[in-house]
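A.B. asks: Return atomic coordinates for the entry below.
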Amino acid sequence: MQKTVSALVIGAIFGAGIAISGMGNPAKVLNFFDLAGSFDPSLILVMVSALAVTAVGYRLVFATRSSPLCAAKFDIPTKRIIDAPLVAGSAVFGIGWGISGFCPGGAIPMLGLGNVETPIFTVSMIAGIVAARTLRQRAVRLATA
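C.D. replies: The predicted model follows:
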């Protein structure tokens, strides 16, 4: 229960930050990528601010705790190599973000605002995730067969 409440509170804070910063607005995000036109650098400010808060938060948590509040241990990624799936996934993410103006993290909180584009993007994103997982599972089965 504590884990669920914690996730709900953190998600609400994240969603409020996305809404307040305007990053759920695809036009604002697309303007960031339009270097020759109506460039809007505010996305960099949001990203740098988020990185600064995260860096301080991680420093404080790892300096003061040996385990998280809602789990037995910290779940820190151990994989350090840059491989084809990582590069391909990053490219697909970037292309999708650049075309649509939606980031998955920004789209989910914006579902409640009633924009027609947000549910269309979200359903498309979920379909892409399901397709990618299905293809990966088939590739693993073929490789082990």
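
A.B. asks: Is the residue nearest the centre of the chain in a helix, a strand, or coil?
C.D. replies: Among the residues of the chain, the one closest to the centroid is residue 105, at 4.1 Å (Cα atoms, centre = their mean). State at residue 105, reduced to three classes by DSSP: H, G, I helix; E, B strand; the rest coil: helix.

A.B. asks: so it makes contact with residue 14?
C.D. replies: Yes. Using Cβ atoms under 8 Å, residue 105 is in contact with residue 14, at 7.2 Å. To be clear about C-beta, it is placed using only N, CA and C from the backbone, and glycine gets the same treatment.

A.B. asks: Looking at stretch 123-136 now, give me its mean pLDDT.
C.D. replies: Averaged over stretch 123-136, pLDDT sits at 90.

A.B. asks: What of stretch 105-120?
C.D. replies: Rounded mean pLDDT across stretch 105-120 is 82.

A.B. asks: contacts for it?
C.D. replies: With Cβ atoms under 8 Å, 6 or more residues apart in numbering as the test, stretch 105-120 has contacts from 14-16, 18-19, 23-24, 26, 29, 100, 102, 121-122, 125.

A.B. asks: buried stuff in it?
C.D. replies: 106-110, 115, 118 (16 or more other Cβ atoms under 10 Å).

A.B. asks: Export these as a markdown table, with columns for secondary structure.
C.D. replies: Output for the buried residues of stretch 105-120, formatted as a markdown table (three-state DSSP):
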| residue | secondary structure |
| --- | --- |
| 106 | helix |
| 107 | helix |
| 108 | helix |
| 109 | helix |
| 110 | helix |
| 115 | coil |
| 118 | helix |
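
A.B. asks: Of all pairs in the contacts of stretch 105-120, which one is the farthest apart?
C.D. replies: Greatest spatial distance in those: 16 and 100, 22.3 Å, computed using Cβ to Cβ.

A.B. asks: So those two - more neighbours on which side?
C.D. replies: Neighbours of residue 16 and residue 100, each counted by other Cβ atoms under 10 Å, are more numerous for residue 100; the result is 17 against 11.
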